[in-house]
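> Structural data only, the sequence is not supplied:
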């Protein structure tokens, strides 16, 4: 855990790791997406503006939905604390603004989304590293002999994981005054999955059969990664519904169905042309 990335020399102003890496992630995504758009002959100046507006909407949407889901904690919409954002709210807000912006400017929405997909994956990888350094969105406790124990990490005293474990796991020898119990480094798992999705998106792009395929495949991969890797291993995993089936599984399967339907429509439309 390293919540402060560095202190500005001469000013003494600390720069939080999560905030800095979130900005870096957005910058990386912006550069990668516009480079792909330039090679595709899309209007980069227009799309650069749409990206910035969508990014702002995404951050506000992520914060807003998190506040709605955590009324007992509260906070300001303009505060962006690590662990205080909802990826679902951010993704839908950014996507909505992107669709509206492309339609207003006469740009192919799916052509731009194909440029955004690998860029988003790289940016997400950077952001997840920031979450790890900040000690937020940490994984669930993993005991000796359980899968993943060899990769487990602990967080220092005062970290969110340590405070939670001192309250819920009091009495276990694995919780000390100095460190939390060992947990899955789920943020790093997610970062690694995002890098793999970036590689997948690049490969799909080289064999693309219809406009929008890169975006749809990448988003499906993100849903599966969260369904299989991230959500079950997080400390705040969604509530079980039936046995091992969790609420997030139902939502993810529904979203995968929507993506599959859109893919079928897009493929059919390309074949008709």
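Good, I have the coordinates. Every value quoted in this text rests on a predicted model; they were computed, and no experiment measured them.

> So, low pLDDT: which residues of the stretch 1-150 of the chain?
74 (pLDDT under 70).

> Helices of that one, start to end?
17-39, 44-69, 87-105, 109-134 (DSSP state H, counting those that start in this stretch).

> which of the ones you listed is buried the deepest?
Ranked by mean neighbour count, the helices of the stretch 1-150 of the chain are led by helix 109-134 with a mean of 24 (mean count of other CB atoms under 10 Å). Every C-beta, even on glycine, is put in place using the N, C-alpha and C of the backbone.

> what's downstream of it, the next helix or strand?
helix 160-168 (DSSP states H and E).

> Tell me what angle that following helix forms with helix 109-134.
60 degrees (axes from the mean of the first three to the mean of the last three CA atoms, to 10 degrees).

> from here on, count from 3
Sure, I'll start counting at 3 from here, so that last one is helix 162-170.

> Would you mind pulling the contact partners of helix 162-170?
With CB atoms under 8 Å, 6 or more residues apart in numbering as the test, helix 162-170 has contacts from 85, 137-138, 140, 143, 156-158, 174, 177, 181-183, 185, 237.

> Show me what counts as buried in that helix.
Buried residues in helix 162-170, counted by 16 or more other CB atoms under 10 Å: 162-164, 166-167.

> From the chain's centroid, how far away is it?
24 Å (CA atoms, centre = their mean, to the nearest Å).

> need the next SSE after that helix, C-terminal direction.
helix 188-208.

> How far away from the center of its chain is that following helix?
12 Å.

> Tell me which other helices or strands it touches.
Other elements packing on helix 188-208 under the criterion 3 or more CB pairs under 8 Å, 6 or more residues apart in numbering; DSSP states H and E are helix 111-136, helix 215-227.

> neighbouring contacts of it?
116, 119-120, 123-124, 126-128, 130-131, 133-134, 138-142, 215-216, 219-220, 223-224, 227-228, 231-232, 235-236.

> One more pass at 6 Å, please.
119-120, 123-124, 126-127, 130-131, 133-134, 139, 141, 216, 219-220, 223, 227, 231-232, 235-236 (CB atoms under 6 Å, 6 or more residues apart in numbering).

> Out of the helices and strands packed on helix 188-208, flag the one nearest residue 60.
Proximity to residue 60 (CB to CB) singles out helix 111-136 among the helices and strands packed on helix 188-208, at 10.1 Å.

> Determine the angle, from 0 to 180 degrees, between that closest one and helix 19-41.
Using the same axes, to 10 degrees: helix 111-136 against helix 19-41 is 160 degrees.

> coming back round to it: can you tell me which of the buried residues of helix 162-170 is nearest residue 55?
residue 162 (31.9 Å).

> any idea how far the closest one is from residue 189?
12 Å (CB to CB, to the nearest Å).

> ok, now residue 270?
Relative to residue 189, residue 270 is positioned 39 Å away (CB to CB).

> So residue 235 sits against residue 186, correct?
Yes. With contact defined as CB atoms under 6 Å, residue 235 reaches residue 186; the gap is 4.5 Å.

> All set, thanks.
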